[in-house]
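K.L.:
pasting a predicted model and its sequence here:
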Amino acid sequence: MANSIAAASSIGAWPERIKSFYNDVRVEMRKVTAPSRKEVQATTTVVIITVFLFGLYFSIIDNVIGRAVNLLFRTFAK
C-alpha cells in the first residue's frame, strides 16, 4: 500500500520536475559563451599536432614490435 502511494505521488510530480529541469537548463545555457576564432584555431592546432605526434609514436612502436616478432619467428623457425 505504501509503495502505491509513493508511486502515485511521484507520478503526479513529474510535470513539475520536468519544468524545473528545463528552467535549470535555460539558466545554465545563458552562462555558456562561444569560443573566439583565435581560441578555436589554437586548440585545433594543438589537436592536429598531438594527433600527428601520437601517430608517429605508434608507427615507430609498431615497427619495432613488428621487427622483433619477425626476428623471433625467423629464429624459432630454423
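P.N.:
Looks like it came in fine.

K.L.:
check which helices and strands the helix-or-strand element of the chain with minimal mean pLDDT sits against.
P.N.:
Ranked by mean pLDDT, DSSP states H and E, the helix or strand of the chain with the weakest confidence is helix 2-31, at a mean of 80. If you count contacts as 3 or more C-beta pairs under 8 Å, 6 or more residues apart in numbering; DSSP states H and E, helix 2-31 packs onto no helix or strand. Using the backbone N, CA and C atoms, a C-beta is placed for each residue, glycine as well.

K.L.:
in which helix or strand does the residue nearest to the spatial centre of the chain reside?
P.N.:
The centre of the chain sits closest to V47, judged by C-alpha atoms, centre = their mean, with a distance of 14.3 Å. V47 belongs to helix 37-77 when elements are defined using DSSP states H and E.

K.L.:
what about that helix, average pLDDT?
P.N.:
In this model, helix 37-77 has an average pLDDT of 97.
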